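Asks: Provided below are the primary sequence and the corresponding predicted coordinates.
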Amino acid sequence: MVSQLLSPTQPKNISDLIVLTVLALHFLTLYLLPPFLRVPVFAVIFLFWRACYNAGIGYLLQVQSQHKRLVAWAKKSKIFENPSSGKNPQPRLYNILKRETETKIPKDYKFEEAPIEYNTWLVFRRVVDLIL
């Protein structure tokens, strides 16, 4: 993920730009903080994101594994329905998700043709990448 994120030859999308912005803010924080605050502040930041990773992603994996809730939510919200069908209440979100997933996958992937389970997994993976 890091080599792809920092490589100028790889295409970037919104989530990559968010990650790069957060990394830049961490460096700025490191530079601006007085030396005696650096360790405690970054310890809190680390613990927060680690808790998000362990508790949040663990919970999402559990509810998906046991109850298929992420896929059920995707079906209920209709975020993967093509807006041209008139069934998607969030066409802007659809376009963002489409761009996010298609940017990172080779040319043989088509957002509209992929099963909802696969698209849900890809969006979940982008969330995981953001938290990591």
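Replies: Okay, I see it.

Asks: all contacts plus neighbour counts: C-alpha atoms, from now on.
Replies: Will do.

Asks: Excluding chain neighbours, what is closest to Gln10?
Replies: Gln4 (6.2 Å; Cα to Cα, 6 or more residues apart in numbering).

Asks: looking at the protein, which residue lies furthest from center?
Replies: Ranked by distance from the centre of the chain (Cα atoms, centre = their mean), the top residue is Phe36, with 33.1 Å.

Asks: quick one: that one and Phe42, what's the gap?
Replies: With distances taken as Cα to Cα, to the nearest Å, Phe36 is found 11 Å from Phe42.

Asks: Would you mark the buried spots in whichever helix in the chain runs longest?
Replies: Scanning the chain for the helix with the most residues, using DSSP state H, yields helix 14-32. With burial defined by 16 or more other Cα atoms under 10 Å, the residues of helix 14-32 counted as buried are 16, 19, 30.

Asks: Which of the three states applies to the spatially closest residue to Gln90 that is not a sequence neighbour?
Replies: Distances taken as Cα to Cα, 6+ apart place Ile79 nearest to Gln90, at 6.5 Å, with adjacent residues excluded. Here Ile79 is recorded as coil under DSSP: H, G, I helix; E, B strand; the rest coil.

Asks: Next one, pLDDT for Ile79 please.
Replies: pLDDT, Ile79: 93.

Asks: Of the buried residues of helix 14-32, which is the nearest to Gln62?
Replies: Within the buried residues of helix 14-32, proximity to Gln62 (Cα to Cα) peaks at Val19, which comes in at 25.4 Å.

Asks: Find the nearest non-adjacent residue to that closest one, please.
Replies: Leaving aside its chain neighbours, Val19 sits nearest to Leu130 (6.2 Å; criterion: Cα to Cα, 6+ apart).
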